[in-house]
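*Asks:* I'd like to go over a predicted model; first the sequence, then the structure.
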Amino acid sequence: AFEVPYTGCGVLASALTMDKIRTKQVWLSAGLPTPKFLRLLPGSDVRAAALQLGMPVFVKPSSEGSSVGVARVVDEAAIDDAIRVAQEYGGEMLMEQMVVGDELTVGILGEIALPSIRIVPKGEWYDYHAKYIADDNQYISPGLDGDDEAEIRRLAYEGFVSAGCSGWVR
């Protein structure tokens with residue numbers, strides 16, 4: 001062992017949660033809701049998959065973060081961009097039905113689900129540019145009210161536990 005200290009989840013949970021497809025499979029086995037999705041292997045027919053799943057969808061590398069390599073497919077004209085992204089990436093891709101609504105995130109610290117944060121980007125969606133370059137996003141906390149806020153925090157904590165996480169996550 002390298003004995004290098006770090007914070008956050010252990011090795012297994014960190015590896016699992018960097019793989020979006022496997023994480024979604026764990027969540028489904030735990031009875032947690034997650035958008036419908038397809039696993040796209042290299043060479044998969046992205047157009048056929050998008051039509052099968054139903055648009056709008058996101059196509060993204062299964063094991064990247066920070067919105068790297070993400071294509072937003074809102075109609076058939078945008079499928080070509082998703083095909084290009086999949087070809088450039090070359091690895092396993094996740095195609096996931098888009099959830100239309102607010103962008104929300106929930107941090108977990110130990111055994112506590114923190115208040116949700118509603119993210120309001122100036123652009124169409126919270127992409128790499130909005131996350132790391134733009135300075136005009138709004139972050140509203142809590143992002144929801146009442147029972148909806150309690151439910152999102154409950155679901156976030158159950159996702160954390162079912163993936164074997166510990167310490168802190170978002």
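*Replies:* Yep, that arrived.
*Asks:* Tell me the pLDDT of residue 65.
*Replies:* pLDDT for residue 65: 68.
*Asks:* Likewise for residue 74?
*Replies:* On pLDDT, residue 74 comes in at 89.
*Asks:* which residues does it contact?
*Replies:* By C-beta atoms under 8 Å, 6 or more residues apart in numbering, the contact list for residue 74 reads 55-56, 98. Just so you know, the C-beta spots here come from the backbone N, C-alpha and C atoms, and that holds for glycine as well.
*Asks:* try residue 162
*Replies:* Contact analysis of residue 162 by C-beta under 8 Å, 6+ apart lists 26-27, 29-30, 32.
*Asks:* again, only this time at 6 Å
*Replies:* By C-beta atoms under 6 Å, 6 or more residues apart in numbering, residue 162 lies in contact with 26, 30.
*Asks:* Look up how far residue 100 lies from it.
*Replies:* 25 Å (C-beta to C-beta, to the nearest Å).
*Asks:* Buried among the contacts of residue 74? Need that as a selection in PyMOL.
*Replies:* The buried subset of the contacts of residue 74, as determined by 16 or more other C-beta atoms under 10 Å, is captured in PyMOL by this line:
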select buried, resi 98
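*Asks:* Go through the contacts of residue 74 and say which is closest to residue 110.
*Replies:* Nearest to residue 110, judged by C-beta to C-beta, of those is residue 98 at 32.1 Å.
*Asks:* give me every residue that touches that closest one.
*Replies:* 56-58.
*Asks:* what does residue 72 give?
*Replies:* residue 58.
*Asks:* Give me the three-state assignment for it.
*Replies:* The assignment at residue 72 comes out as strand when based on DSSP: H, G, I helix; E, B strand; the rest coil.
*Asks:* Look up how far residue 20 lies from it.
*Replies:* Where residue 20 is concerned, residue 72 sits at a distance of 16 Å (C-beta to C-beta).
*Asks:* And for residue 49?
*Replies:* Per C-beta to C-beta, residue 49 is found 15 Å from residue 20.
*Asks:* again with residue 46
*Replies:* Using C-beta to C-beta, we find residue 46 at a distance of 16 Å from residue 20.
*Asks:* and what of residue 82?
*Replies:* For residue 82, the distance to residue 20 (C-beta to C-beta) stands at 16 Å.
*Asks:* Between these two, tell me which one has more neighbours.
*Replies:* Neighbour count, other C-beta atoms under 10 Å: between residue 82 and residue 20, residue 82 has more, with 24 against 21.
*Asks:* Good, we can wrap up now.
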